[in-house]
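Trainee: sequence below, structure please.
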Amino acid sequence: MLNIHDLRRDFTLKTLDKKELPDNPFEAFEQWFKEAIEAHVYEPSAMNLATVDASGRPSSRVVLLKELKDGGFVFFSNYDSRKGKQLASNRYCALNFVWHELERQVRIEGFAEKLSPEDSDKYFEVRPPKSKLGAWTSPQSEVIPDRIYLEKLYADFEEQFAGKSVPRPENWGGYLVHPELIEFWQGRSSRLHDRIQFRLENGIWTKERLAP
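Mentor: You can find the predicted model right below:
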């Protein structure tokens, strides 16, 4: 049997003082994100996205941050996917970045809205050709009979768009997550972690320290 109880490590890399972070949490995030890139964190743009369905049941998955825009966080997906359907019924969601190499997390709560078709088109145009075909191929989150079914769909779309520009499917596009809470977590020794939280109230961000 696995001895999970003894899987532990102490966090000693950095500290976090409230005065170190800008008063605007979006600026603070950009600062930390840049540091994650410079530290060669594996997949620094990977973020867990948690959504809730109409009955209140949560689900989560990892998606990629593709842009920082208008004080929010942008990702792309199939609108008919499970996450897409859940966001259509309940726009509130949460994001979580984990950068193990820096012993850091950033936790975000807010709501999502679809990007304009023009903004989604702009991003789709710069996707690799195979990724464009993948967006057409996958009936995301739906049950399929086998891998061969998926590969045949891909081959069919590859033939359909051969020698042509691949347009964006209407059911595929971006979301902009507007943050209402952003927490910066820095691992510390003895589990006495540093947690600095920003809350948005009446258009004003409040910065405060939380107990670990």
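
Trainee: who touches stretch 178-188?
Mentor: 11-16, 21, 25-26, 28-29, 32, 71-73, 103-113, 193-200, 210, 212 (Cβ atoms under 8 Å, 6 or more residues apart in numbering). Quick note: C-beta positions are derived from backbone N, CA and C, even for glycine.

Trainee: rerun that using 7 Å as the cut-off
Mentor: Outside stretch 178-188, the residues within contact range by Cβ atoms under 7 Å, 6 or more residues apart in numbering are 11, 14-16, 21, 25, 28-29, 32, 72, 103-111, 193-200.

Trainee: quick one: buried residues of that stretch?
Mentor: 179, 182, 183, 184, 185, 186, 187, 188 (16 or more other Cβ atoms under 10 Å).

Trainee: and the residues you listed, which two are furthest apart?
Mentor: Greatest spacing in these, by Cβ to Cβ: 179 and 188 (24.2 Å).

Trainee: tell me which element the closest residue in space to residue 117 that isn't next to it in sequence falls in.
Mentor: The spatially closest residue to residue 117, leaving aside those adjacent along the chain, is residue 173, at 6.9 Å (Cβ to Cβ, 6 or more residues apart in numbering). Assigned by DSSP states H and E, residue 173 belongs to strand 172-186.

Trainee: what distance do you get for the residue lying closest to residue 98 once chain neighbours are set aside to residue 183?
Mentor: Leaving out its chain neighbours, the residue that sits closest to residue 98 by Cβ to Cβ, 6+ apart is residue 105, at 5.2 Å. For residue 105, the distance to residue 183 (Cβ to Cβ, to the nearest Å) stands at 8 Å.

Trainee: one more: residue 67?
Mentor: Applying Cβ to Cβ to residue 67 and residue 183 gives a distance of 21 Å.

Trainee: what do you get for residue 204?
Mentor: For residue 204, the distance to residue 183 (Cβ to Cβ) stands at 17 Å.

Trainee: can you tell me the SS state at residue 113?
Mentor: Under DSSP: H, G, I helix; E, B strand; the rest coil, residue 113 falls in the strand class.

Trainee: just grab the bridge partners of the spatially most central residue of the chain for me.
Mentor: Against the mean C-alpha coordinate of the chain, by Cα atoms, centre = their mean, the closest residue is residue 47 at 3.7 Å. On the basis of DSSP bridges, residue 47 is bridged to residue 63.

Trainee: give me the pLDDT value at it.
Mentor: Looking at residue 47, its pLDDT reads 98.

Trainee: is it true that it touches residue 65?
Mentor: Yes: using Cβ atoms under 7 Å, residue 47 is in contact with residue 65, at 5.5 Å.

Trainee: residue ranges in this protein under the pLDDT threshold?
Mentor: Under the criterion pLDDT under 70, no range of the chain is flagged.

Trainee: one more time with 90, if that's ok
Mentor: By pLDDT under 90, the weakly predicted segments of the chain are 1-10, 54.

Trainee: name the element residue 27 belongs to?
Mentor: helix 25-38.

Trainee: give me the contact list for that helix.
Mentor: So helix 25-38 is contacted by 21-22, 44, 68, 71, 99, 102, 104, 106, 182, 184, 198, 205 (Cβ under 7 Å, 6+ apart).

Trainee: same check on stretch 87-107?
Mentor: For stretch 87-107, using Cβ under 7 Å, 6+ apart, the contacting residues are 11, 13-14, 29, 32, 35-36, 39, 41, 44, 47-54, 73, 108-113, 175, 177, 182-187.
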